[in-house]
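Q: what's the 3D shape of this:
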Amino acid sequence: MTTTRVRSYAPEVIVAAGCLIALITFGPRASAGLFQIPMTVQFNWGRDIFGLALAIQNLLWGLGAPFAGAIADRYGTVRVLCVGAILYAAGLVMMAYATTPLQLHLGAGVLIGFGLSACSFNLVLAAFGKLLPEQWRPMAFGAGTAAGSFGQFLFPPIGNILIETLGWQQALIVFAFTLLPILPISIVMATRKTGAAVGATAANLPNQTIAQALGEAFKHRSYVLLVLGFFTCGFQLAFITVHMPAYLKDAGLPAWVGGWTLAVIGLANAVGSLSSGWLSTRMPKRHLLAWIYLGRAVAIAAFILLPPSPTTAITFGIVIGLFWLSTVPPTSSLVMLMFGTKYMAMLYGFAFFSHQVGGFLGVWLGGVLYESMGNYQFVWWLSVALGVASALINLPIVERPVQRPEAQPA
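A: Numbers count the residues shown, from 1 in each chain. Okay, the predicted model is just below:
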């Protein structure tokens, strides 16, 4: 079977459309922490209730990502992006009108979680891999990740302004409407099944089934270490995204500090992600990952030991932002190096699921332990310990294609 030509737009147009989708979808999700105090105060909820909703969101985002990718492979990216955007917007609307914990969990947790799995930057990057010439892909992957980061820079300050001027419910409705442009933009990302001719690399095994690929991957020590290390990334990022504004508010700082801390994380993340992609081609990827996780641990420890102030918060945002999504280029590159491109989306999807399980626990533990202890100190120090552990976990990874016996003829 021959490969079907799927690209009908110029590469520049495809990259621009994908980056815009990544920016739009990452923004409201990165602003979720701004709504914690207004909602918990109005309804007299504990932060554990809000934290559980966002924890469910992270878990279902990770759980749905491999399935969304498989559906996109079979039926095309446009349908999946559109359904994801509609679910995401519906979740924001339901969150705006939620008056019970169950409604909050269904809206902010279930609907937004599955919506993100179908329209976030993971699906955009997969579409880039199908639609763009090979020489465009490294730049496009970096640009797509950086665009999501810019959404994180852009939306939190806007969210603060909307909450202060319109109220938190209307702010969520406005965010829901910002997702609607994804429906027409997604047309540019149109893909369809490309047949049996998948990218030929040394690690590909043409007759390998999905079950065989999964069995091979989870018996491969380096892949398991990579997946375990990625858990820490999700734990740290999700905890900081959701609980940082409340942590700073508890320290007596004005609300704008939390919004701008999240914003500068996004801006620095654009620099960090692009730099990580560049470094991934120039140094061992396992060493790069180890330095990233260790750098996060040091940055978090310094932040919680220093007296809280706008200066320390913004500075921390810049430093942690440089390490924010910088794990993605070396992690995805290692998966492709080990196993080739045939099941790349699925195998990276399982690594991402580990990331989101970490995100679930980071958000949920943040809320539960705050309610029981009255502060976030234990989770901050747990984040430091996990960062050191992941730095060590990544060091034994072997950076070479999986060793297979000679493939038998079909």
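Q: next one: the nearest residue to Leu288 once chain neighbours are set aside from Ala32, what distance?
A: Nearest non-adjacent residue to Leu288, counting by Cβ to Cβ, 6 or more residues apart in numbering: Pro330, 5.0 Å away. To be clear about C-beta, it is placed using only N, CA and C from the backbone, and glycine gets the same treatment. Distance from Pro330 to Ala32, counting by Cβ to Cβ, to the nearest Å: 27 Å.
Q: low-confidence bits of this structure, can you list those?
A: The model of the chain has pLDDT under 70 over residues 1-7, 134, 137-138, 191-206, 341-342, 404-410.
Q: number of residues surrounding Pro66?
A: Each residue near Pro66 was counted by other Cβ atoms under 10 Å, and the total is 19.
Q: hmm, Ser117 is touching Leu63, no?
A: Yes - with contacts counted by Cβ atoms under 8 Å, Ser117 reaches Leu63, the gap being 7.3 Å.
Q: of these two, who's got more company?
A: A side-by-side neighbour count of Ser117 and Leu63, using other Cβ under 10 Å, places Ser117 first with 28 against 18.
Q: my read: Leu183 touches Cys82, true?
A: Yes - counting by Cβ under 8 Å, Leu183 touches Cys82, with 5.3 Å between them.
Q: the more surrounded of these two?
A: Set Leu183 next to Cys82 and count neighbours by other Cβ under 10 Å: Cys82 wins out with 17 against 14.
Q: now do the contacts for that one.
A: Cys82 is in contact with 182-183, 186, counting by Cβ atoms under 8 Å, 6 or more residues apart in numbering.
Q: who are the packing partners of the helix or strand Gly229 falls within?
A: Element membership of Gly229 [criterion: DSSP states H and E] is helix 221-250. Here helix 221-250 touches helix 36-43, helix 47-75, helix 255-280, helix 285-305, helix 328-339, helix 344-373, helix 377-394, going by 3 or more Cβ pairs under 8 Å, 6 or more residues apart in numbering; DSSP states H and E.
Q: need the residues that contact the fifth one.
A: The reference is to helix 328-339. Residues beyond helix 328-339 that count as contacts (Cβ under 8 Å, 6+ apart) turn out to be 125, 141-142, 145, 201, 203, 213, 216-217, 220, 222-223, 226, 230, 273, 276-277, 279-280, 285-286, 288-289, 292, 344, 347-348, 351, 397, 399-402.
Q: now do that helix: distance to the chain's middle.
A: Put simply, helix 328-339 sits 16 Å off its chain's centre (Cα atoms, centre = their mean, to the nearest Å).
Q: for the third one, same thing?
A: Computed by Cα atoms, centre = their mean, the separation of helix 255-280 from the middle of its chain amounts to 13 Å.
Q: what do you get for the first one?
A: How far helix 36-43 lies from its chain's middle: 25 Å, per Cα atoms, centre = their mean.
Q: that older thread, ok and the helix holding Gly229 relative to helix 47-75, angle-wise?
A: 140 degrees (axes from the mean of the first three to the mean of the last three Cα atoms, to 10 degrees).
Q: list the residues that contact Tyr370.
A: 47-48, 51, 243, 246, 376.
Q: now do Val402
A: Val402 makes contacts with 203, 216, 220, 338-339, as judged by Cβ under 8 Å, 6+ apart.
Q: quick one on the thing from earlier: save the contacts of Cys82 as a markdown table, and put in secondary structure and distance to Ser309 too.
A: Output for the contacts of Cys82, formatted as a markdown table (DSSP: H, G, I helix; E, B strand; the rest coil; distance: Cβ to Cβ, whole Å):
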| residue | secondary structure | distance to Ser309 |
| --- | --- | --- |
| Ile182 | helix | 38 |
| Leu183 | helix | 43 |
| Ser186 | helix | 43 |
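Q: could you dump these to TSV with distance to Pro157?
A: Converted to TSV, the contacts of Cys82 look like this (distance: Cβ to Cβ, whole Å):
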residue	distance to Pro157
Ile182	22
Leu183	26
Ser186	27
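Q: closest to Pro28 among those?
A: Ranked by distance to Pro28 (Cβ to Cβ), the contacts of Cys82 are led by Ile182 at 11.8 Å.
Q: now the closest one: closest residue in space, sequence neighbours ignored.
A: Counting by Cβ to Cβ, 6+ apart, Ala85 is the residue found nearest to Ile182 once chain neighbours are left out, at 4.0 Å.
Q: still on that earlier bit, which of the contacts of Val402 tops the neighbour count?
A: When neighbours are counted by other Cβ under 10 Å, Phe339 leads the contacts of Val402 with 26 neighbours.
Q: how much space separates that residue from Ser222?
A: 10 Å.
Q: can you select the buried ones from the contacts of helix 328-339 in ChimeraX?
A: In ChimeraX syntax, the buried subset of those is picked out as below (16 or more other Cβ atoms under 10 Å):
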select :125,141,142,145,203,213,216,217,220,222,223,226,230,273,276,277,279,280,285,286,288,289,292,344,347,348,351,397,402
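Q: quick one on the thing from earlier: relative to helix 344-373, how tilted is the helix holding Gly229?
A: 40 degrees.
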